[in-house]
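Novice: Show me the folded form of this:
(one chain, ligands or ions: 1)
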Amino acid sequence: MVCFPEWQYCWGSDCRVGVWWRDAPKGAAIDCYPAIVKVGREDDRQQVGLCADCRHSGQRVSDRGAVFWFCELSKVDARFAKYPRLPVRTCAGYEREDVDDLVVLYRPVGQAEFELVRQSEFRAFPPRLPQQPFFYPVLNERYAAQIAREWNTKDEASGFVGYVLRFWVRRIFLAAYPIRTVGSSEHEEYWIPAAELEIFNQNIVGTIEVVAEFRGE
Ligand code: SF4
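Specialist: Numbering: from 1, shown residues only. This next block holds a predicted model:
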């Protein structure tokens, strides 16, 4: 199959599939799969249709980096496909997600990571370094502040500064990840594999806020 997407949504006459393919040169042959869309930016999400902000939608990433949008309602109602054909423009099951569908998370960061978050206009966390296999958001502000205050402010690589960032993530996305308790009961965090950080970022709703700042002596 040959598609000509290059920053457009491919929906050829003989194609049952829509695919974003930002990296492929025009006319490149690509592999397509039902109901896949590759989404890299917030505005790309417009191409997904209603599923993009439906409380019943979720995403999975294939080992080739494609993002699959799935419908949780398909488990209980045969009218809905497990992987809806995208973009979904009308849907009887659509319910816009609200704050109950989100989980608030925190992350302590040093100056360098803070600058990269700022460069994203406070919408995404930067890719992990090769020696950092996981991204560790934490579940409460006190734990994040403890790390920022007691570790980042003493760390030269952090610029002796610690920020506490707060952000909201779709609950349905986080359901795939167990909560890890790494100390006392308040030391709870998620371990997001570095390869899945991009899709994690896509499941951040709204902007990342700075809620505390600590500086070393
Ligand atoms: S209910 Fe409709 S809009 Fe919501 S995830 Fe399923 S297919 Fe998408």
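Novice: C-alpha only now, for contacts and for neighbours.
Specialist: Will do.
Novice: what's near enough to touch the closest residue to Lys154 other than its chain neighbours?
Specialist: Spatial nearest neighbour of Lys154, excluding adjacent residues (CA to CA, 6 or more residues apart in numbering): Phe160 at 5.3 Å. Residues counted as contacts of Phe160 (CA atoms under 8 Å, 6 or more residues apart in numbering) are Gly110, Gln111, Asn152, Thr153, Lys154, Arg215, Gly216.
Novice: Restricted to strands, list the residues you listed.
Specialist: Members of the contacts of Phe160 lying in strands (criterion: DSSP state E): Arg215.
Novice: For this protein, which segments count as strands?
Specialist: Using DSSP E, strands in the chain cover 36-37, 57-61, 67-71, 102-109, 134-135, 161-170, 179-181, 188-190, 192-193, 204-215.
Novice: can you tell which of those is closest to Arg123?
Specialist: For the strands of the chain, proximity to Arg123 was assessed by CA to CA; strand 204-215 is nearest, at 5.1 Å.
Novice: Need the CA coordinates for that closest one. PDB is fine.
Specialist: Provided in PDB are the C-alpha atoms of strand 204-215 (Å, rounded to 0.1, in the frame of the first residue of the first chain):
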ATOM      1  CA  ILE A 204      -1.800  14.700  30.100                       C
ATOM      2  CA  VAL A 205      -4.900  17.000  30.200                       C
ATOM      3  CA  GLY A 206      -4.200  20.700  30.400                       C
ATOM      4  CA  THR A 207      -0.900  22.200  31.300                       C
ATOM      5  CA  ILE A 208       1.800  21.200  33.800                       C
ATOM      6  CA  GLU A 209       1.800  23.600  36.800                       C
ATOM      7  CA  VAL A 210       4.600  24.600  39.100                       C
ATOM      8  CA  VAL A 211       3.300  24.300  42.700                       C
ATOM      9  CA  ALA A 212       6.600  24.700  44.700                       C
ATOM     10  CA  GLU A 213      10.200  25.700  44.300                       C
ATOM     11  CA  PHE A 214      13.100  24.900  46.600                       C
ATOM     12  CA  ARG A 215      16.600  26.300  46.400                       C
END
